[in-house]
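Sequence and predicted structure below; questions after.
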Amino acid sequence: MAKPIPKKDSRKNGPIGSRKHARKIPKGIIHVQASFNNTIVTVTDVRGRVISWSSAGTCGFKGTRRGTPFAAQTAAGNAIRTVTDQGMQRAEVMIKGPGLGRDAALRAIRRSGILLNFIRDVTPIPHNGCRSPKKRRV
């Protein structure tokens, strides 16, 4: 029977990625992705590293309620609450998607007390690229 080969450069046993003190982040970018079924709010630093995120699904909304404006407002509030504790004062907002939660998430961000440098709509628009799926019949 072969002997097990000892691992070189293995990590020390301990909590991976934990810090003794959180980084102070004065400025960041808030990404809001609003689809018809869900709203995802991600807060990153200026380099694009994720600091905090939340979605309507993680806030406890299930099914069709995830696409509502109230769910988006709750998700935005949850994502921003952790970031304001780390000292974020200024932010840029990038909004993507056609969902109902766009305006509600933006209103929640405004109410949080973070100063917004600019708000940009980054919804991808095709220049007549792929054929789009058939329209929904409700």
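Nice, thanks for sending it over. Residues are numbered from 1 along each chain as shown.

In this structure, where is pLDDT below threshold?
1, 3-22 (pLDDT under 70).

other SSEs contacting the longest helix along it?
Ranked by residue count and defined by DSSP state H, the top helix of the chain is helix 69-85. Helices and strands touching helix 69-85, by 3 or more C-beta pairs under 8 Å, 6 or more residues apart in numbering; DSSP states H and E, are strand 27-34, strand 39-45, strand 50-55, helix 101-111. For every residue, glycine as well, the C-beta is placed using N, CA and C.

let's go with 6 Å and repeat that
Packing partners of helix 69-85 (3 or more C-beta pairs under 6 Å, 6 or more residues apart in numbering; DSSP states H and E): strand 39-45, strand 50-55, helix 101-111.

My guess is residue 121 contacts residue 95. True?
Yes: using C-beta atoms under 6 Å, residue 121 makes contact with residue 95 at a distance of 5.3 Å.

Output the helices and strands packed on helix 69-85 in JSON lines; the columns should cover distance to residue 90 and mean neighbour count.
Shown next, in JSON lines, are those (distance: least, C-beta to C-beta, whole Å; neighbours: other C-beta atoms under 10 Å):
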{"stretch": "strand 39-45", "distance to residue 90": "12", "mean neighbour count": "23"}
{"stretch": "strand 50-55", "distance to residue 90": "14", "mean neighbour count": "18"}
{"stretch": "helix 101-111", "distance to residue 90": "12", "mean neighbour count": "21"}
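
I'd like these laid out as TSV, including distance to residue 130.
Formatted as TSV, those follow (distance: least, C-beta to C-beta, whole Å):
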stretch	distance to residue 130
strand 39-45	23
strand 50-55	26
helix 101-111	24
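
Between residue 121 and residue 95, which has more neighbouring residues?
Counted by other C-beta atoms under 10 Å, residue 121 and residue 95 do not tie: residue 95 has more neighbours, with 21 against 11.

Thank you, goodbye.
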